[in-house]
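Chemist: need coordinates for the following:
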Amino acid sequence: MDITVALGHPRRVPEDRLRPLLDAVTPRGLRFFGVDLTGVRLCADDLDWSYGDGAPVHGQAQDLLLTLFGRRLPAGRLHGGPEGSPLPPTLVP
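Modeler: Alright, predicted model coming up:
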């Protein structure tokens, strides 16, 4: 996904490949990747999945997964969050 997102390729990762990774998210893993979700809840628009507590940040599950693993996304891939910001500052690695 690092390559396809950077190149703007519209590839969609199948749910059966995303789900195990999303379901395995832990606070320890977030710390490892330097991700701070304080006051933020990630919500997938295309799957029944969310993580965290706080202002909802919405996006495709594969974009949320990249965020959870400390990757930056192109502008406009996530929406919501504190005061409706496009990408909450706590998610910027």
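
Chemist: with adjacent residues omitted, what lies nearest to the spatially most central residue of the chain?
Modeler: Nearest to the mean C-alpha position of the chain, by CA atoms, centre = their mean, lies residue 64 at 1.8 Å. Among residues not flanking residue 64 along the chain, residue 42 sits closest, at 4.8 Å (CB to CB, 6 or more residues apart in numbering). Placement of C-beta: from N, CA and C, glycine included.

Chemist: within its sheet, name the partner strands of the helix or strand harbouring the one you found and how each one runs.
Modeler: Per DSSP states H and E: residue 42 is located in strand 40-44. Paired strands of strand 40-44, with direction, are strand 50-52 (antiparallel), strand 55-59 (parallel) (DSSP bridges).

Chemist: confirm the residue nearest to the centre of the chain sits in a helix?
Modeler: Yes - judged by DSSP: H, G, I helix; E, B strand; the rest coil, residue 64 forms part of a helix.

Chemist: mind listing what it touches?
Modeler: 22, 42, 44, 49, 51, 57, 78 (CB atoms under 8 Å, 6 or more residues apart in numbering).

Chemist: what do you get if the cut-off is 10 Å, keeping everything else the same?
Modeler: 18, 22, 25, 42-47, 49-51, 57-58, 73, 77-78, 91 (CB atoms under 10 Å, 6 or more residues apart in numbering).

Chemist: out of the residues you listed, which are buried?
Modeler: Those of the contacts of residue 64 that meet the buried threshold are 18, 22, 25, 42-44, 49, 51, 57-58, 73, 77-78, 91, by 16 or more other CB atoms under 10 Å.

Chemist: save these as CSV, and put in pLDDT and distance to residue 5 too.
Modeler: Shown next, in CSV, are those (pLDDT from 0 to 100; distance: CB to CB, whole Å):
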residue, pLDDT, distance to residue 5
18, 90, 14
22, 95, 17
25, 94, 19
42, 94, 16
43, 96, 19
44, 96, 16
49, 96, 19
51, 96, 20
57, 90, 17
58, 93, 17
73, 83, 7
77, 85, 8
78, 87, 12
91, 53, 15
